[in-house]
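need a 3D model of the following:
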Amino acid sequence: MTPDARNLLSQEARALLTRLSLVKPLVLQETMVPAANVSDTASAGMERALGSGRRAVRALVRGFLDWLRGDGSVRAMPTNVLPTEVRDMATIAGGEQTP
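Now for the predicted structure:
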């Protein structure tokens, strides 16, 4: 992978982490009409699911950044990355294909 490609991917991944950190919890979002509010139970359930998704994305992006800091080969791919993501990264990097 070229240094320019590595830098671009690293910048985009860090930007994604920044945007992810700016997402407000659902409980802080209020509707204009009180009758349109969802119940506290539903809100808590949605926030648990969304929070879990945000943590998973954050972990994947951090693993990707670690991989970029390493040798960038498919063999050094983080274990928490799904096979389709491995193919996508290898394609983007213009490097090796998965075995």
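
Leu9 touches Trp67, doesn't it?
No: the pair Leu9 / Trp67 is not scored as a contact, 9.7 Å apart, by Cβ atoms under 8 Å. All C-beta spots, glycine's among them, are computed from the backbone N, C-alpha and C.

would you mark the buried spots in the longest helix along the chain?
Using DSSP state H, we find that the single longest helix of the chain is helix 40-69. Buried residues in helix 40-69, counted by 16 or more other Cβ atoms under 10 Å: Leu60, Val61, Gly63, Phe64, Leu65, Trp67, Leu68.

TSV for those, including distance to Leu26 and pLDDT?
Formatted as TSV, the buried residues of helix 40-69 follow (distance: Cβ to Cβ, whole Å; pLDDT from 0 to 100):
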residue	distance to Leu26	pLDDT
Leu60	22	86
Val61	21	89
Gly63	26	85
Phe64	26	85
Leu65	27	88
Trp67	31	83
Leu68	32	85
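
between those residues, which is closest to Arg19?
Val61 (10.5 Å; Cβ to Cβ).
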